[in-house]
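A.B. asks: Starting from these lines, generate the structure:
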Amino acid sequence: MFSAKNRSEIVETLQKETFDLLVIGGGITGVGIALDAAGRGLKIALIEKQDFAAGTSSRSTKLIHGGLRYLKQLEFALVREVGHERKTVYHNAPHLVIPEKMLLPITDGGSFGKASASVGIYTYDWLAGVKRSERRSVLDRKETLSREPLLKHEGLEAGVLYWEYRSDDARLVIEVAKTAAEDGAALLNYCEFNEFIYTEKHIAGAKVTDLRSGNSFEIKAKRTINAAGPWVDNVRSKDEEVRGKRLHLTKGVHLVFDRARFPLRQAVYFDVPDGRMIFAIPRDNATYVGTTDTNYSDQIERPHVTQEDVDYVLNATNNAFDIEPLTEADIQSTWAGLRPLIHEDGKSPSELSRKDEIFISAHGLISIAGGKLTGYRKMAERTVDLAFRQLEVAESRHFALSRSSSRKLSGGLYHSFKAFVADIGETELTELELNGLFHKYGSNAKQIIADTDLKSSDRTLAILLAELRYCAENEMVNELSDFLIRRTGRLYFEKPIADKYAHSLNEELAKLIGLNDAQEKASLNAYLKESEDVLTFV
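C.D. replies: Modelled structure (predicted):
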C-alpha cells in the first residue's frame with residue numbers, strides 16, 4: 001500500500017536496490033516522470049523533502065488549460081501541445097478534470113477587441129484541436145451580461161465564451177504518484193536530498209535523510225533526474241556551479257471568497273488595469289481570484305502573500321465586477337505559489353516563456369525546469385526518453401516508448417459523475433456529498449462511502465474521518481496538513497470546516513499511522529500555523 005505505515009518497507013527498498021532512475025522532487029513533473037518510466041519497465045525511486053505537491057503543484061490556478069495568453073507571445077507550439085494534452089489528462093483522470101466554460105469579457109480599452117478575441121480564440125481552439133461542439137462562441141453585450149450579471153456594465157462591449165478545464169492540482173499529483181506506485185515505483189515523501197554520490201566522476205545516486213525518522217542513507221541509481229521545481233538550481237548547485245541558463249522565480253497569489261459574498265455564476269478571464277489578465281472562478285461554495293505575477297527572491301519553502309498582493313487582487317476584482325466592494329475582511333483563504341521559469345534578460349515576469357527545458361551536467365545530472373501543469377505528461381516523456389536513450393547506449397537496453405498517454409490514473413474508471421452514481425446504487429449520502437467525494441477520489445470514493453458511519457450525529461465529521469482513513473491507508477499522509485491541504489484542499493476552500501475538526505482529525509490520524517505524542521502535537525501545530533498564515537499578510 002502507498003501508506004505512511006509502510007515507510008520502513010519503502011526505505012528498505014530504497015536502500016537495498018540499485019535503480020535505473022532516481023527522481024528528486026515530488027511535484028507534478030517528478031511524479032509524472034516516475035509514472036512514465038515505471039510504465040516502460042524501468043526501476044524507479046523518487047524522493048520529496050516535503051509532502052507530495054507541497055510546492056508549486058498545489059498552488060496553481062487549478063486549471064488544465066491551453067494558456068490563451070501565450071498566443072500573445074506567439075508561442076504556438078506550446079499552445080498546441082498543452083491544448084492537446086488537456087484531452088489526454090481529461091481522458092485519464094475524468095474525476096479531476098472538469099469541463100468549464102470560460103467567459104472573456106470584451107471591454108473598451110481591454111487587451112482584446114471583439115474581432116481580435118474571436119480570431120485569437122478561434123486560433124486557440126484550432127491549435128488545441130478543440131472539437132467543433134466546444135469551439136468558441138461570440139456573445140453580444142446583452143448575452144455576455146446574461147452569462148455573468150456581476151460584470152460591470154460600463155465599458156463592456158461583448159464577450160467570448162470558450163472551454164477550459166478546472167482541476168485539483170494537488171489531487172492530480174497524488175493520483176499520478178499512486179499510479180506510479182502501482183506500476184512498481186518506490187516513492188517517499190519527507191525524504192530530503194543531501195548530496196550526490198559519484199562513481200568515476202559520474203553521478204551514481206544520492207545521500208538522503210528520512211525526515212520522519214532522522215536516519216540517513218544512500219540511494220544508488222544509474223541516472224538521476226532533478227525535477228525539484230523552484231529548487232532545481234539548488235540541486236544543480238550540489239553538483240556544479242550553476243552557469244548559463246538558470247531559474248527565474250515568479251510568484252502567483254490567489255484569494256478565496258465565500259461564494260455567497262461573491263456569487264459568481266461563471267468562470268471569467270478578465271482584464272486588469274495594468275494590462276495583465278486574471279481569473280475569477282466559482283468552485284462549490286467558494287469563488288477564487290488570481291493570479292498575480294511578480295518576481296520572487298525570498299525563501300522558497302513558504303512563499304508568502306503580501307499586503308501588496310492582496311490590494312492588487314482586490315482592486316482588480318472590484319474594478320471588473322459590479323458588487324459591493326470586496327475587502328480584506330471578506331477573504332476566507334489564500335495561497336501563494338512559485339513558477340520555476342527559465343530566466344531571459346530584459347523580460348518581465350508575465351513575458352517569460354512557460355516552455356520547459358532540460359539541462360545535463362558534466363557529471364550526468366538531468367535537470368528539467370519550466371513548463372505548465374497541463375503539459376506535465378509530455379515533459380515527463382521527453383525527460384524519460386533522454387534518460388532511457390542514455391541507458392540504451394550504456395547497457396544495450398531495449399528502448400521502450402512511453403505508454404502514459406493511455407494509462408488511466410488511480411480513480412479514473414468512471415467517465416462522469418453520472419456513471420459513478422449509477423454504479424454505486426442507493427446510498428444515504430446526498431448528491432452534493434457524493435459529488436464532493438467523486439471529484440476528489442473518483443472510483444476510489446466507493447471505499448470511502450462504504451466506510452462512512454451514516455448513523456453518526458455529525459455527518460460532516462463522519463465523512464471526514466472516512467476520507468482520512470482512506471488517505472492514511474492509500475495516499476501517504478504523514479501529517480494533518482497533508483490531508484487538509486493537499487489531499488482535500490479544505491484549508492483553501494472549506495477553511496471553517498477544516499479548522500473546526502482539526503483536533504479530532506489529528507487525534508484519529510495519530511492512531512491510524514502510529515504517531516507518538518510529540519509527532520501528534522507537531523502535526524496539529526503545523527496545520528494551525530498554515531491556517532494562520534493563509535490570512536496573515538506581510
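A.B. asks: Below-threshold pLDDT in the stretch 51-200 of the chain: ranges please.
C.D. replies: By pLDDT under 70, the low-scoring segments of the stretch 51-200 of the chain are 66-75, 127-130, 132-135.
A.B. asks: Would you map the strands across it?
C.D. replies: 63-64, 98-107, 137-140, 156-166, 186-189, 191-199 (DSSP state E, counting those that start in this stretch).
A.B. asks: Would you mind putting the ones you listed into a markdown table with distance to residue 13 alongside?
C.D. replies: Quick note: C-beta positions are derived from backbone N, CA and C, even for glycine. Output for the strands of the stretch 51-200 of the chain, formatted as a markdown table (distance: least, Cβ to Cβ, whole Å):
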| stretch | distance to residue 13 |
| --- | --- |
| strand 63-64 | 33 |
| strand 98-107 | 36 |
| strand 137-140 | 53 |
| strand 156-166 | 36 |
| strand 186-189 | 5 |
| strand 191-199 | 12 |
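A.B. asks: Residue 39 against residue 404, yeah?
C.D. replies: Yes. With contact defined as Cβ atoms under 8 Å, residue 39 reaches residue 404; the gap is 5.8 Å.
A.B. asks: Compare those two and say which one has the larger neighbour count.
C.D. replies: Regarding residue 39 and residue 404, a neighbour count based on other Cβ atoms under 10 Å identifies residue 404 as having more, with 27 against 22.
A.B. asks: Surely that one is in contact with residue 380?
C.D. replies: Yes. Using Cβ under 8 Å, residue 404 is in contact with residue 380, at 6.8 Å.
A.B. asks: Overlap in contacts, these two.
C.D. replies: Both residue 404 and residue 380 are contacted by 32, 35, 36, under the criterion Cβ atoms under 8 Å, 6 or more residues apart in numbering.
A.B. asks: Mind putting these into TSV with neighbour count, distance to residue 150 and secondary structure?
C.D. replies: Shown next, in TSV, are the shared contacts of residue 404 and residue 380 (neighbours: other Cβ atoms under 10 Å; distance: Cβ to Cβ, whole Å; DSSP: H, G, I helix; E, B strand; the rest coil):
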residue	neighbour count	distance to residue 150	secondary structure
32	30	37	helix
35	32	41	helix
36	30	43	helix
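A.B. asks: Could you dump these into CSV with pLDDT added?
C.D. replies: Converted to CSV, the shared contacts of residue 404 and residue 380 look like this (pLDDT from 0 to 100):
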residue, pLDDT
32, 98
35, 98
36, 98
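A.B. asks: got the strands of the stretch 51-200 of the chain as CSV, with distance to residue 254 and mean neighbour count columns?
C.D. replies: Shown next, in CSV, are those (distance: least, Cβ to Cβ, whole Å; neighbours: other Cβ atoms under 10 Å):
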stretch, distance to residue 254, mean neighbour count
strand 63-64, 11, 26
strand 98-107, 16, 20
strand 137-140, 26, 16
strand 156-166, 13, 21
strand 186-189, 24, 25
strand 191-199, 28, 16
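A.B. asks: Looking at the ones you listed, which is nearest to residue 450?
C.D. replies: Residue 450 lies closest to strand 98-107 among the strands of the stretch 51-200 of the chain, at 24.6 Å (Cβ to Cβ).
A.B. asks: name the helices or strands packed onto that closest one?
C.D. replies: helix 114-128, helix 141-147, strand 156-166, strand 267-271 (3 or more Cβ pairs under 8 Å, 6 or more residues apart in numbering; DSSP states H and E).
A.B. asks: out of everything not next to it in sequence, what's closest to residue 519?
C.D. replies: Nearest residue to residue 519, sequence neighbours excluded (Cβ to Cβ, 6 or more residues apart in numbering): residue 510, at 7.3 Å.
A.B. asks: for the stretch 351-500 of the chain, what spans make up the strands?
C.D. replies: 357-360, 366-369.
A.B. asks: and residue 276, which of those strands is closest to it?
C.D. replies: Using Cβ to Cβ, the nearest of the strands of the stretch 351-500 of the chain to residue 276 is strand 366-369, at 23.1 Å.
A.B. asks: ok now that closest one, how far from the chain's centre?
C.D. replies: 18 Å (Cα atoms, centre = their mean, to the nearest Å).
A.B. asks: Describe which strands it pairs with in its sheet and in which direction.
C.D. replies: strand 216-226 (parallel), strand 357-360 (antiparallel) (DSSP bridges).
A.B. asks: Let's test this: mean pLDDT of the shortest one, rounded?
C.D. replies: In other words, strand 357-360. Averaged across strand 357-360, the pLDDT comes to 93.
A.B. asks: Return the residues in contact with the residue lying closest to residue 331 once chain neighbours are set aside.
C.D. replies: What sits nearest to residue 331 in space, not counting adjacent residues and going by Cβ to Cβ, 6+ apart, is residue 255, at 5.3 Å. Taking Cβ under 8 Å, 6+ apart, we find residue 255 in contact with 288, 289, 290, 310, 313, 314, 317, 331, 334.
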